[in-house]
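Enquirer: Fold the following for me, if possible:
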Amino acid sequence: MPFLECGADRVEVDEEGYLVRFEDWNEKVACALAEREGISDQCPLTRERMDILIFLRNYYQRYNSFPMVRAVCRNVHQKENCEYELFIDPIKAWKIAGLPKPTTEVFAYIQHRF
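Expert: The predicted structure follows:
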């Protein structure tokens with residue numbers, strides 16, 4: 001498996017760049033993942049972006065599923081479609097949050113939104 005360099009640390013990612021171990025995630029890893037995804041204009045990441053990433057991680061850890069896109073912005077008290085504005089699409093946000101690759105159904109739902 002490939003590795004992602006995060007300063008002096010290395011974390012394992014799969015072939016598509018998803019973090020292999022949920023517990024390896026931290027802000028440095030998020031920045032490295034964001035850079036890999038083309039979202040590297042600000043590292044450390046802005047507070048708005050980190051709020052989204054932390055919400056995604058907490059939600060996934062608690063419910064073992066991805067939150068509905070509309071619920072994310074509402075729960076982090078940001079304007080509607082914040083995930084699309086700050087991360088281009090939710091899949092990138094989920095990847096940067098260190099969540100596993102979404103299922104085919106999740107991909108279909110997200111693509112339907114565009």
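
Enquirer: Tell me the secondary structure at E12.
Expert: Put simply, E12 is strand when judged by DSSP: H, G, I helix; E, B strand; the rest coil.

Enquirer: Where do the helices of this protein begin and end?
Expert: 27-36, 47-63, 69-75, 82-87, 90-96, 104-113 (DSSP state H).

Enquirer: So which other helices or strands are in contact with the fifth one?
Expert: So the one you mean is helix 90-96. In terms of contacts (3 or more Cβ pairs under 8 Å, 6 or more residues apart in numbering; DSSP states H and E), helix 90-96 is packed against helix 27-36, helix 47-63, helix 82-87, helix 104-113. Bear in mind the C-beta positions are built from the backbone N, C-alpha and C, glycine included.

Enquirer: Run through who's touching it.
Expert: 17-19, 30, 33-34, 37, 39, 52-53, 56, 66, 69, 72, 83-84, 86-87, 101-102, 107, 110 (Cβ atoms under 8 Å, 6 or more residues apart in numbering).

Enquirer: ok, and what's touching stretch 18-37?
Expert: 1, 4-7, 9, 11-14, 17, 40, 43-45, 49-50, 53, 57, 61, 92, 95-101.
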